[in-house]
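**Q** Here's my sequence, what's the structure:
(one chain, ligands or ions: 2)
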Amino acid sequence: MELRCLLLNIVFISVVNAMLAFGFAPQDERRCSYGRIEKLMRIRCYNMDLKEVPQNLKTSVEVLDLSYNRIRKLRSGSFQRYTDIKFLMLYENMILSVEPGTFAPLTALQEVDLSNNGLTTIPMELFSLPRLRNLYIDSNDLRELHQELETLEKPIRAPLEYLNVANCELHDIPDLGVLPNLWQLNASANPLSDFNIDKLANLCHLKVIDLTRTQINACVCQQVTNHLMTMGANPKFVPVCMEALDSDSCPLPYNRTVDSPTFRSCVDSAELAETRSLWLFAAGCFGGVILVLLVFCYCIHRWRKKRANRRLSQSIQNRKRFVISPRNTINNRLEDEPLHCDTASA
Ligand SMILES: *[C@@H]1O[C@H](CO)[C@@H](O)[C@H](O)[C@H]1NC(C)=O
Ligand SMILES: *[C@@H]1O[C@H](CO)[C@@H](O)[C@H](O)[C@H]1NC(C)=O
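**A** Residues are numbered from 1 along each chain as shown. Ligands and ions are numbered 1, 2, ... in the order given. Coordinates of the predicted model:
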């Protein structure tokens, strides 16, 4: 009796062990959760010990949260099935490398968060994505970035509006050419020993720049502050400049920033994009109006034709009746008249 009990126990324990080993039991709580956020299809797979981007998710995912996992490498096929992704969270992983072609299929991508990983550079193909607006890559040791940027084709295609490179061991802000849409740049907690005011000429619509916890010197501090004031931007996150330096020791920044040809070209390209979109909008409206008019004309034409047909057939009927009716009336009258006469005589 006891032996049987022991055997049963052993069998039970080994079955449970086997189930655990094959991942039966934990799988239920490990499933990514599906939901919606502002009408976008969201899948959250955060904090699940994932080592790879899962390939069994719905392909129509638009917001994909893979944060707090253990992904080390992004592969060229990682996102091939998920081309609708607009927002991608990959922060707090262990990403050390990104294969070329990983992000290329994500042509709808608007925002990517790669902060707190082990990257040494920004994957250059991100800058070719046609819709990418927001890029978070803070808290990575981007020691190879400067060198990689030398071969990047500028201006970049991505319409970047927000860039966070805080805490990335950078000695200068990244040179991405003119960024006419960029309004916020966060470069705090970087050494920035090579920072030069000329770089800001590329950012003609900058509203906020965070240079706190950097080692910029008193002159750069003053120049940045002056530059931001003339642009009407927010100097809140520039370290407070302690001493007021005169323009002999610290020249005013304007001929290198707002008065420079680079700044002009940045403004022009922004205006060009605006007029282009305005033209596209106008053309779209015009096309729409023309289409409506065409449909209207067609309908009118159809209606007229129908009416004409109806009239024709009516007139044919009328004519038939007209042709026939006199005889009818005559016939009728011939039949009626005696009656009339009868009543009259009566
Ligand atoms: C810049 O980024 C750091 C680190 O992510 C953050 O703590 C800080 O609040 C950011 N600054 C601004 C102005 O958003
Ligand atoms: C800006 O002006 C200063 C002094 O007026 C001059 O030394 C410097 O060369 C100018 N820089 C540029 C880029 O024109």
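**Q** List the residues that contact residue 222.
**A** 241, 244, 245, 250 (C-beta atoms under 8 Å, 6 or more residues apart in numbering). No exception for glycine: its C-beta is placed from N, CA and C like everyone else's.
**Q** The second one: what's it in contact with?
**A** The neighbourhood of residue 244, defined by C-beta under 8 Å, 6+ apart, consists of residue 222.
**Q** Kindly provide the distance from it to residue 148.
**A** 39 Å (C-beta to C-beta, to the nearest Å).
**Q** So which of the contacts of residue 222 are in strands?
**A** With strands taken from DSSP state E, there is no overlap with the contacts of residue 222.
**Q** and which of those is nearest residue 154?
**A** Residue 154 lies nearest to residue 250 out of the contacts of residue 222, by C-beta to C-beta, at 29.0 Å.
**Q** what about the residue nearest to the closest one when sequence neighbours are not counted, which SS state?
**A** Among residues not flanking residue 250 along the chain, residue 219 sits closest, at 3.9 Å (C-beta to C-beta, 6 or more residues apart in numbering). What DSSP: H, G, I helix; E, B strand; the rest coil gives for residue 219 is helix.
**Q** Let me see the ranges of the strands in the protein.
**A** Going by DSSP E, the chain shows strands at 33-37, 40-44, 63-65, 73-74, 87-89, 97-98, 111-113, 134-136, 162-164, 184-186, 208-210.
**Q** Let me have these in TSV, adding distance to ligand 2, mean neighbour count and mean pLDDT as columns.
**A** As requested, the strands of the chain are exported to TSV (distance: least, C-beta to the nearest ligand atom, whole Å; neighbours: other C-beta atoms under 10 Å; pLDDT from 0 to 100):
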stretch	distance to ligand 2	mean neighbour count	mean pLDDT
strand 33-37	47	11	96
strand 40-44	46	17	98
strand 63-65	45	22	98
strand 73-74	41	20	98
strand 87-89	40	21	98
strand 97-98	37	18	96
strand 111-113	35	21	98
strand 134-136	29	20	98
strand 162-164	25	20	98
strand 184-186	22	22	97
strand 208-210	21	20	95
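**Q** As TSV, these with distance to residue 282 would be great.
**A** Compiled in TSV, those are given as follows (distance: least, C-beta to C-beta, whole Å):
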stretch	distance to residue 282
strand 33-37	34
strand 40-44	30
strand 63-65	33
strand 73-74	41
strand 87-89	31
strand 97-98	41
strand 111-113	30
strand 134-136	29
strand 162-164	29
strand 184-186	30
strand 208-210	32
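**Q** what residues does the chain put near ligand 2?
**A** 251, 255, 256 (C-beta under 6 Å from any ligand atom).
**Q** Could you turn the buried ones of the residues you listed into a ChimeraX selection?
**A** Selecting the buried subset of the residues of the chain next to ligand 2 in ChimeraX, with 16 or more other C-beta atoms under 10 Å as the burial test, is done by:
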select :256
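**Q** Name the nearest of the residues of the chain next to ligand 2 relative to residue 197.
**A** The shortest gap between residue 197 and any of these belongs to residue 256, at 5.7 Å (C-beta to C-beta).
**Q** Check the spacing between that closest one and residue 210 real quick.
**A** 21 Å.
**Q** same deal with residue 135?
**A** For residue 135, the distance to residue 210 - C-beta to C-beta - is 15 Å.
**Q** what's the nearest residue to the residue in the stretch 1-150 of the chain that ligand 1 sits nearest to if we skip its chain neighbours?
**A** Proximity of the stretch 1-150 of the chain to ligand 1 (C-beta to the nearest ligand atom) peaks at residue 138, 4.4 Å away. Using C-beta to C-beta, 6+ apart and skipping the chain neighbours, the partner closest in space to residue 138 is residue 166 (4.1 Å).
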